[in-house]
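Pasting a predicted model and its sequence here:
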Amino acid sequence: MLLRGARLLAMAGVHRNDAGVADLLVRGGRIERIGRSLSAPDAEVIEADGHILMPGFVDTHNHLWLSQMRGLFGRSEATRYFPLVERLGAAFRPEDMRVGTLFGAAGALAAGVTTTLAYCDNIRSPAHADAAIAGLRQAGIRARFLYTSHDGMAADEPVALDHLRNLHDGRDDWSAGGLIDLGLGLRTPRKDAPPAEFARAAHELSVARALGLPISTHISGENGPAQLDALIARGWLGPDMLLVHATGAGPERLARVRERGAGVSLTPITEHRVGYGLTRVNDYLQPLGRVGLGLDGALGGAPDMFPVMRTAHNVQAAGLGELSILPRRLLELATIEGARAIGLADQIGSLEPGKRADLILVDTRSLNMGPADEDSSALLVYSAGSRDVALVMVDGRIVKRGGRMIRLSEHATAQAAAHSLARIRRRAEPAPPSAPY
């Protein structure tokens, strides 16, 4: 497949390979060549004049399974995020896990996200996990499925490690040809937690690391500093670990994170919504080597990386000035640096020959956009949205074309999510009297 005449934003280093108007040839799921006036007589040609060609976004943290709950949070005391997720999550059946994961993943794809880390913290049975993986497969997104607990589990109760092992050993059966990989979502105890919680976490870590699985863990809210202190004190940090939020970490703790090679996922919209404080990106970029951006799930609204970048930029600029972080840096965090944070920068995150063909075309011809020039970073961060994403390709396969999803029905997927939520509400424990749901 030959994409012809697009404005190239390759994200391959400091403007390296940003070649102005260029063509890009895809074969066998990989980028074969990038240049001008490429010839490939046997290839399908997509005319991309008026579009920006760039890597797909890399979402480093997302609770996709609860996507049906979008729009329910923060309208009253009874609809605070965590209590409502706990109440409704208990009523999810495996089919609801599939539907929610598909709904969230499809929405992310439509907005140009080609890779996501699906933090599945509602695994109430092996069937719940299998169903969520089925949703990822159906969507066609590149994903890491993070196997973890649910709200009803005791803090010292391990996840279903036998099922985790079985998924690892049988990955050829469910990984969609390697498009989906497996990891552990670790519940990190506070530094002062009971010994049984540390025994549980140590056991889960040992199993995951013996299997060679990457690890994500929440370091968040009031417990964030104490959780990070626990990881540091016990020597559990490593290059296989991604810290989500890293709330209140501070320079000294972040220096320890860098020493051990761990990464951080920042989700500015949701971090602000739940009151974790202002996410100032430069506080993490300067002491760390691996930082990416995440959508985090239904709490953040639409599964769209464009408002995440805008939020991160506005908060940083408001405190330290307009040029304290440049729009291009935000694009890097949403693409190549996100890929680096999750250990996949050798495969995705930039447009370079030999890398997997995960890419998007952004149409610049709508009324909310403007002409693309040599540096279109500010145009993308401040003007673009999901509606401007005209084409999405994952591993060389087109999933969105002409502004429409082509692997699934958008209407049917949204309707399935609505029906699933209605069933969940009927099964769930009654809401407090003041709650609308």
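Cool, got the structure.

Mind listing what's buried along the helix or strand bottoming out on mean pLDDT in the chain?
Lowest mean confidence among the helices and strands of the chain (mean pLDDT, DSSP states H and E): helix 282-285, at a mean of 91. Buried residues in helix 282-285, defined by neighbour count with 16 or more other CB atoms under 10 Å: 283-285. The C-beta positions use only the backbone N, C-alpha and C, and glycine is treated the same way.

okay if I get those residues as JSON lines plus distance to Val207?
What follows is the buried residues of helix 282-285, written out as JSON lines (distance: CB to CB, whole Å):
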{"residue": "Asp283", "distance to Val207": "33"}
{"residue": "Tyr284", "distance to Val207": "29"}
{"residue": "Leu285", "distance to Val207": "33"}
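
List the buried residues of stretch 123-137.
123-124, 128-137.

For it, which outside residues touch it?
64-65, 90, 92-95, 97-103, 105, 118, 120, 122, 143, 145, 147-150, 152, 159-160, 163, 167, 174, 176, 180 (CB atoms under 8 Å, 6 or more residues apart in numbering).

circling back: return the distance of the least confident helix or strand of the chain from the chain's centre.
19 Å (CA atoms, centre = their mean, to the nearest Å).

Tabulate the CA atom coordinates of that helix in CSV.
C-alpha atoms of helix 282-285 as CSV (Å, rounded to 0.1, in the frame of the first residue of the first chain):
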residue,chain,number,x,y,z
ASN,A,282,8.3,18.9,33.0
ASP,A,283,8.4,17.7,36.7
TYR,A,284,8.7,14.2,35.2
LEU,A,285,10.5,14.8,32.0
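
Identify the residues contacting that helix?
Applying CB under 8 Å, 6+ apart, the contact partners of helix 282-285 are 246, 249, 254, 264, 266, 291, 316, 320, 324-325, 329.

Please check these and keep the buried ones.
Buried, going by 16+ other CB under 10 Å: 246, 249, 254, 264, 266, 291, 316, 325, 329, out of the contacts of helix 282-285.

returning to what we had before: show me the contacts of helix 282-285 that map onto helices.
254, 316, 320, 329 (DSSP state H).

could you point out where the protein is predicted with low confidence?
13-19, 433-437 (pLDDT under 70).

all helices for it, in order.
81-89, 94-110, 126-139, 161-169, 195-210, 224-233, 250-260, 268-273, 282-285, 305-320, 327-334, 336-341, 377-383, 410-427.

Let me have those helices in JSON lines, adding distance to Arg7 as columns.
Shown next, in JSON lines, are the helices of the chain (distance: least, CB to CB, whole Å):
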{"stretch": "helix 81-89", "distance to Arg7": "39"}
{"stretch": "helix 94-110", "distance to Arg7": "21"}
{"stretch": "helix 126-139", "distance to Arg7": "28"}
{"stretch": "helix 161-169", "distance to Arg7": "41"}
{"stretch": "helix 195-210", "distance to Arg7": "42"}
{"stretch": "helix 224-233", "distance to Arg7": "40"}
{"stretch": "helix 250-260", "distance to Arg7": "35"}
{"stretch": "helix 268-273", "distance to Arg7": "27"}
{"stretch": "helix 282-285", "distance to Arg7": "27"}
{"stretch": "helix 305-320", "distance to Arg7": "17"}
{"stretch": "helix 327-334", "distance to Arg7": "14"}
{"stretch": "helix 336-341", "distance to Arg7": "18"}
{"stretch": "helix 377-383", "distance to Arg7": "10"}
{"stretch": "helix 410-427", "distance to Arg7": "27"}
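
Ok, which of the ones you listed comes nearest Lys400?
Between Lys400 and the helices of the chain, the tightest spacing by CB to CB is seen for helix 94-110, at 6.0 Å.

Determine the angle, from 0 to 180 degrees, between that closest one and helix 126-139.
30 degrees (axes from the mean of the first three to the mean of the last three CA atoms, to 10 degrees).

Alpha carbons only: can I get helix 94-110 in CSV?
Extracted in CSV, the C-alpha atoms of helix 94-110 (Å, rounded to 0.1, in the frame of the first residue of the first chain):
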residue,chain,number,x,y,z
PRO,A,94,-17.9,-11.6,31.0
GLU,A,95,-20.0,-10.3,28.1
ASP,A,96,-20.0,-6.9,29.6
MET,A,97,-16.2,-7.0,29.8
ARG,A,98,-16.0,-7.8,26.1
VAL,A,99,-18.5,-5.1,25.2
GLY,A,100,-16.8,-2.4,27.3
THR,A,101,-13.4,-3.3,26.1
LEU,A,102,-14.5,-3.3,22.5
PHE,A,103,-16.3,0.0,22.9
GLY,A,104,-13.3,1.7,24.4
ALA,A,105,-10.8,0.3,22.0
ALA,A,106,-12.9,1.1,19.0
GLY,A,107,-13.3,4.7,20.2
ALA,A,108,-9.6,5.0,20.7
LEU,A,109,-8.8,3.6,17.3
ALA,A,110,-11.3,6.1,15.7
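
Show me which positions of it end up buried.
So helix 94-110, judged by 16+ other CB under 10 Å, has buried residues 94-110.
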